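*Asks:* here's a sequence, model it:
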Amino acid sequence: MEQDTKTILTTGRRKDSVARVRLVSEGQGKITINGRELDNYFKNIDQLLQVKKPLSVVGLEGKFDVLANVNGGGINGQAGAISLGISRALLILNPELRASLRKENLLTRDPRAKERKKYGRKGARRRFQWTKR
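*Replies:* Residues are numbered from 1 along each chain as shown. Purely as a prediction, here's the structure:
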């Protein structure tokens, strides 16, 4: 997955979102998502913190530029996908970071996804209302 020594390419997934993350070393700490700045793309503080968390856990914020292309799913799923992609890129860069990233649960792909609708039901689990008469 490594293209050259300065750029690392990884993939992160969450729900229906897929993020292709490019970690560029010797950067100024700029995070760009789909051609937009991080603060411009994610308005919620929780999503901003989730994207920045892998870099802050290992103490490397401001050292790398992050370029992410993300599509599919909602805004929370996209934030989780980008976070996983950054974590995987940091792991390729330095395998010794595995313990600290694992401790914060940043290397685990969250398998939860939307449950499919079943026949004879109104939704995945919701039944139609029962009437006695």
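*Asks:* helix or strand: which one has the spatially most central residue of the chain?
*Replies:* Closest to where the C-alpha atoms of the chain average out (Cα atoms, centre = their mean) is Ala81, at 2.1 Å. Using DSSP states H and E, Ala81 falls within helix 75-93.
*Asks:* which of the residues in that helix are buried?
*Replies:* Judged by neighbour count (16 or more other Cβ atoms under 10 Å), helix 75-93 contains these buried residues: 76-91, 93. Backbone N, C-alpha and C define where each C-beta goes, glycine included.
*Asks:* what's downstream of that helix, the next helix or strand?
*Replies:* Note on helix 75-93: by DSSP H and E, the next helix or strand toward the C-terminus is helix 98-103.
*Asks:* might one say that Leu48 is in contact with Phe42?
*Replies:* Yes: applying Cβ atoms under 8 Å, one finds Leu48 in contact with Phe42, separated by 5.1 Å.
*Asks:* and these two? Which one has more around it.
*Replies:* The neighbour comparison of Leu48 against Phe42 (other Cβ atoms under 10 Å) goes to Phe42, with 23 against 16.
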